[in-house]
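Visitor: need a structure here:
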Amino acid sequence: MESEIIFVGLGDFGCRILSKIEQQNHNIASFCYLSNNANDFPKFTTGEKLEIVLNIGGKLSPAHIRGIVLSQLEALSSKFKTSKLVIIISSADGDLGSALLPYLSNICSNNNVKCLSILSMPFSFEKQKHFNAGLTLRHSKQYSDGIILINKDEIFNTFPQIPIVQAYDFVDDKIAFSISSLLGPNDYGDINLHNLFEITERNNFSVLSIGESKNASNNSDIAIKGALKMLSKTANPSSADRVLLFLNSGKQLSTSDVASSINSVRGLIGKKLSHFTHGYKTSDSIQTTAIVLSSGFQSTIFDDYDPLSTLLAGKEIDDDLECNLDIDIGIDTISEA
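Guide: From the prediction side, this is the model:
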């Protein structure tokens, strides 16, 4: 019997984050790692590893890669058609993310399977990757039931003291921890996987923001302010209509801390909220992490990554996924070590 929920790590970034989530959270029964490089796969995993083997040299366009997937439609769709929920983690700008994430979302849509895409956006200095990321957003928005955006620039800016040699792994850890926390279990609140689908909305973007504090006196306030600041750098907070707030804190977390955090979020976002959910989990840590998932954004700072969306706003766009079918591919299942 196939799992009702499948978590997919797509490409280098997706595989790294999914591996960390698999280590942290045991609520997910089925993991699938998908990449064209076997080195992206974790050595120890209970999940399935699917390597895309390209039979020609040179750099492939997204259309070529989609053509490869089309030739293997049955092999890929069989992973999803008996499931109820599919969550795909990927970078928006990578070759596999740009090519396959919209296509995998489309497979889910054709099989009446709900699909949530979690996408990291390229850094602002990676100008050459912005256009690919913009196309990924436009196509994924058409086929996914929800899209959660992660602004890596603002994670760096929120934790500027991290040495550069540790920075990338640090960002991965923060992203994986935040996603894992939202999957449950928790001490209080209806924060779980199904709740993510209630918060996210089709045809709109959601934004994941994070804040932290190790200040013993007002941990939660500082952490909340950090998360809301990160949100404001990505989208207009007052445009959000659904919010999920999660606090991961030490046992010193009080009811007044939780109430203050809720009031801070409501105060910034305003009266437009149609859905608000909160929860928390305590541990022996003195650190407080505030995770805010906000939804309902039609516009973000990433809009201009795809000039076509701006130039043709309000006009009909032929958004069929272009494919090149003249390439052979092998998709092999790698035996687990």
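Visitor: which parts of the stretch 51-200 of the chain are strands?
Guide: 85-91, 114-121, 146-151 (DSSP state E, counting those that start in this stretch).
Visitor: what packs against the second one?
Guide: With contacts defined as 3 or more Cβ pairs under 8 Å, 6 or more residues apart in numbering; DSSP states H and E, the secondary structure elements packing on strand 114-121 are strand 85-91, helix 95-110, helix 127-143, strand 146-151, helix 152-158, helix 193-199. Any C-beta I mention is one placed from the backbone N, CA and C, and that applies to glycine too.
Visitor: give me the sheet partners of it and which way each runs.
Guide: Here strand 114-121 has these sheet partners by DSSP bridges: strand 85-91 (parallel), strand 146-151 (parallel).
Visitor: output the ones you listed in JSON lines; the columns should cover mean neighbour count.
Guide: Below are the strands paired with strand 114-121 laid out as JSON lines (neighbours: other Cβ atoms under 10 Å):
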{"stretch": "strand 85-91", "mean neighbour count": "26"}
{"stretch": "strand 146-151", "mean neighbour count": "25"}
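Visitor: dump the residue contacts of Thr45.
Guide: Residues near Thr45 by Cβ atoms under 8 Å, 6 or more residues apart in numbering: Ser19, Glu22, Phe31, Tyr33, Glu336.
Visitor: which one (most neighbours) among these?
Guide: In terms of neighbours by other Cβ atoms under 10 Å, the contacts of Thr45 top out with Tyr33 at 26 neighbours.
Visitor: please state the offset of the one helix or strand that residue maps to from the chain centre?
Guide: Using DSSP states H and E, Tyr33 sits within strand 30-35. Here the centre of strand 30-35 is set off from its chain's centre by 15 Å, with Cα atoms, centre = their mean, to the nearest Å.
Visitor: one more: stretch 287-304?
Guide: On Cα atoms, centre = their mean, the centre of stretch 287-304 falls 11 Å from that of its chain.
Visitor: what's the end-to-end length of that stretch?
Guide: 37 Å (Cα to Cα, to the nearest Å).
Visitor: avg pLDDT for it?
Guide: Stretch 287-304 carries an average pLDDT of 88.
Visitor: which parts of it count as buried, going by neighbours?
Guide: 288-297, 300-303 (16 or more other Cβ atoms under 10 Å).
Visitor: dump the residues you listed into TSV; add secondary structure and distance to Asp173 as well.
Guide: Below are those laid out as TSV (DSSP: H, G, I helix; E, B strand; the rest coil; distance: Cβ to Cβ, whole Å):
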residue	secondary structure	distance to Asp173
Thr288	strand	16
Thr289	strand	11
Ala290	strand	16
Ile291	strand	14
Val292	strand	18
Leu293	strand	18
Ser294	strand	22
Ser295	strand	24
Gly296	strand	28
Phe297	strand	26
Thr300	coil	24
Ile301	coil	24
Phe302	coil	23
Asp303	helix	29
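Visitor: dump these into JSON lines; add distance to Ser78 as well.
Guide: Output for the buried residues of stretch 287-304, formatted as JSON lines (distance: Cβ to Cβ, whole Å):
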{"residue": "Thr288", "distance to Ser78": "43"}
{"residue": "Thr289", "distance to Ser78": "38"}
{"residue": "Ala290", "distance to Ser78": "40"}
{"residue": "Ile291", "distance to Ser78": "34"}
{"residue": "Val292", "distance to Ser78": "37"}
{"residue": "Leu293", "distance to Ser78": "31"}
{"residue": "Ser294", "distance to Ser78": "35"}
{"residue": "Ser295", "distance to Ser78": "31"}
{"residue": "Gly296", "distance to Ser78": "34"}
{"residue": "Phe297", "distance to Ser78": "34"}
{"residue": "Thr300", "distance to Ser78": "34"}
{"residue": "Ile301", "distance to Ser78": "38"}
{"residue": "Phe302", "distance to Ser78": "33"}
{"residue": "Asp303", "distance to Ser78": "36"}
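Visitor: same list, the strands of the stretch 51-200 of the chain, but as JSON lines with mean pLDDT and distance to Asn263 please.
Guide: What follows is those, written out as JSON lines (pLDDT from 0 to 100; distance: least, Cβ to Cβ, whole Å):
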{"stretch": "strand 85-91", "mean pLDDT": "92", "distance to Asn263": "31"}
{"stretch": "strand 114-121", "mean pLDDT": "92", "distance to Asn263": "28"}
{"stretch": "strand 146-151", "mean pLDDT": "93", "distance to Asn263": "25"}
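Visitor: in TSV, list the ones you listed along with distance to Ser98.
Guide: Converted to TSV, the strands of the stretch 51-200 of the chain look like this (distance: least, Cβ to Cβ, whole Å):
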stretch	distance to Ser98
strand 85-91	9
strand 114-121	11
strand 146-151	14
